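> show me the folded form of this:
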Amino acid sequence: MTSRHDDSASPPPCIPSVRLLIWTLVAGTVLMTGALHDGQPPQPSAGQAFSAPAAPAAPAAGRTAAADSAVQPLPPSEPLRIRIPAIEVDAPLTRLSLDPAGALRPPPADEPDLAGWYGGGTTPGSVGTAITAGHVDLRTGRPGVFYGLGALAKGNTIEIDREDRRTAVFTVDAVEVYAKDSFPSEKVYGDSERAELRVITCGGGYAEHTGYQGNVVVYATLTAVE
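Got it, this is the predicted structure:
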């Protein structure tokens, strides 16, 4: 099965300019990698979604047991590595920047085991919403670092090793999948008074000529520091 992903981007709602640049992460070309394999990466079940919509006044997407056990955020420090034991991810992190069009540059396609984080935003473990991203697969059919992301479940942990020799441990609050044309930007990227993490890759339905039709998003909250 061959594919070519649609690299076009619909403009997001009118928002402050810095946020506008961040929101192009999903609408733009990042993570748009085509697959030649016949299988499809795991997709999150409805049971892994938030149980109820977030209240309008809430700073984050919803509250769960993980969110209620959040710990004190850490000072900013460069993230070095991401580990997700449940899906056997143990990968280095590289800083990602924005291209001239405002889309997040993806990790290099020739390094499928490399994940990235948005270097212009919150560092994982610090107060706010940190963004990490990686390929689901490559055009050659080789699985990418986040191929199994859709198999994560509430309560799974994500560990981020930082330059300050601390490890920020996040607990998964929810795993959801969204179509490109209905991606809830504010829900995913909205400000938070806690230390939160988003992990994003391609997902949803698959069309031969346009590739993946959406994105898998993991929501997680800082629950421990090691």
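> and the gap between residue 217 and residue 108?
22 Å (Cβ to Cβ, to the nearest Å). From N, CA and C alone the C-beta is placed, and that goes for glycine too.
> same question for residue 165.
Using Cβ to Cβ, residue 165 is found at 27 Å from residue 108.
> check residue 209 too.
Using Cβ to Cβ, residue 209 is found at 25 Å from residue 108.
> residue 226 too?
29 Å.
> then residue 202?
16 Å.
> name the spans of this protein whose pLDDT lies under the cut-off.
For the chain, the stretches with pLDDT under 70 are 1-39, 52-70.
> about what we covered before: which of residue 202 and residue 108 has more residues huddled nearby?
In this view residue 202 and residue 108 are compared by other Cβ atoms under 10 Å, and residue 202 has more residues nearby, 32 against 11.
> and that one, what element?
strand 195-207 (DSSP states H and E).
> angle of the longest strand that the chain contains against strand 195-207?
Longest strand of the chain, by residue count under DSSP state E: strand 211-225. Angle, strand 211-225 to strand 195-207, by axes from the mean of the first three to the mean of the last three Cα atoms, to 10 degrees: 160 degrees.
> tell me how far strand 211-225 lies from the chain's centre.
The chain centroid and the centroid of strand 211-225 are separated by 4 Å under Cα atoms, centre = their mean, to the nearest Å.
> what residues sit buried inside that strand?
For strand 211-225, the neighbour count (16 or more other Cβ atoms under 10 Å) marks 211-223 as buried.
> residue 146: which of those residues is nearest?
Each of the buried residues of strand 211-225 was scored against residue 146 by Cβ to Cβ, and residue 216 proved nearest at 7.9 Å.
> circling back: and the longest strand of the chain, what does it pack onto?
helix 65-68, strand 157-162, strand 167-179, strand 195-207 (3 or more Cβ pairs under 8 Å, 6 or more residues apart in numbering; DSSP states H and E).
> residue 98: which of those is closest?
Among the helices and strands packed on strand 211-225, strand 195-207 comes nearest to residue 98, with 15.1 Å by Cβ to Cβ.
> paired strands for the closest one, with orientation please.
Strands adjacent to strand 195-207 in the sheet, as given by DSSP bridges, are strand 128-133 (parallel), strand 211-225 (antiparallel).
> so for residue 170, which of these sits nearest?
strand 211-225 (3.7 Å).
> now for residue 105, how many residues are close by?
Residues near residue 105, counting by other Cβ under 10 Å: 17.
> to clarify, my last question referred to residue 75.
Residue 75, neighbours per other Cβ under 10 Å, totals 11.
> and it, that one's in a strand?
No - under DSSP: H, G, I helix; E, B strand; the rest coil, residue 75 falls outside any strand and is assigned coil.
> that one against residue 162, yeah?
No - assessed by Cβ atoms under 8 Å, residue 75 is found out of contact with residue 162, at 9.7 Å.
> how about stretch 102-110: buried residues?
So stretch 102-110, judged by 16+ other Cβ under 10 Å, has buried residues 102-107.
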